[in-house]
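Student: my questions concern the predicted model and sequence given below.
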Amino acid sequence: MTRAIEQSLALVPVSKPKVVNPTVSRRSRLINSIRRQQALVESTKAGEKTHRTWFWMSEDGKIFLQIKYGKTALELSKGKFAIQCSSLDDVINNLAIVEGLVNKGEFDAMLTAISKDIRTRFAKT
């Protein structure tokens, strides 16, 4: 029985860490939020009412997308907090691009700074 398990699975001598790395935790939280937004886009496309979306349509018909960590919109470039999208499908594509960048660690410094800022608001005075 053990031989069959070893042959069919890629076994490694690793155990789950007792303490979660805060950087990995922040990435995971943001990725979960991105996936939730992708589901909200699909719901919007199906005609369902949604709330707490990161995307919106301006008066002139342009679609914009903000990436948020908690309630804070991320500054994606100097003074730029939104991504202009051509359609709801483009919103999904841009969310996938951002998810890839989050997985690569491109947002780590920004998430750390926001996290520290949030924690200072809860500090005892």
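Tutor: On my side now, so go ahead. Residues are numbered from 1 along each chain as shown.

Student: buried stuff in the longest helix out of those in the chain?
Tutor: Secondary structure of the chain read by DSSP state H shows that its longest helix is helix 22-45. Residues of helix 22-45 classed as buried: Arg26, Arg27, Leu30, Ile31, Ser33, Ile34, Gln37, Gln38, Leu40, Val41 (neighbour count, 16 or more other CB atoms under 10 Å). For glycine as for every other residue, the C-beta is placed from the backbone atoms N, C-alpha and C.

Student: can you lay out the residues you listed as a markdown table showing distance to Arg3?
Tutor: Below are the buried residues of helix 22-45 laid out as a markdown table (distance: CB to CB, whole Å):
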| residue | distance to Arg3 |
| --- | --- |
| Arg26 | 42 |
| Arg27 | 38 |
| Leu30 | 42 |
| Ile31 | 37 |
| Ser33 | 44 |
| Ile34 | 42 |
| Gln37 | 46 |
| Gln38 | 42 |
| Leu40 | 48 |
| Val41 | 48 |
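
Student: need those residues in TSV with pLDDT and distance to Met110, can you?
Tutor: Formatted as TSV, the buried residues of helix 22-45 follow (pLDDT from 0 to 100; distance: CB to CB, whole Å):
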residue	pLDDT	distance to Met110
Arg26	95	10
Arg27	96	11
Leu30	97	10
Ile31	97	14
Ser33	97	14
Ile34	97	14
Gln37	97	17
Gln38	97	21
Leu40	97	22
Val41	97	23
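
Student: pull the helix or strand with minimum mean pLDDT from this structure.
Tutor: Least confident helix or strand of the chain, by mean pLDDT, DSSP states H and E, is helix 2-8 with a mean of 79.

Student: wait, a helix at Asn103?
Tutor: Yes. Looking at Asn103 with DSSP: H, G, I helix; E, B strand; the rest coil, it is inside a helix.

Student: got the contact list for it?
Tutor: Arg27, Ile31 (CB atoms under 8 Å, 6 or more residues apart in numbering).

Student: check the gap between it and Val19 for me.
Tutor: Using CB to CB, to the nearest Å, Asn103 is found at 21 Å from Val19.
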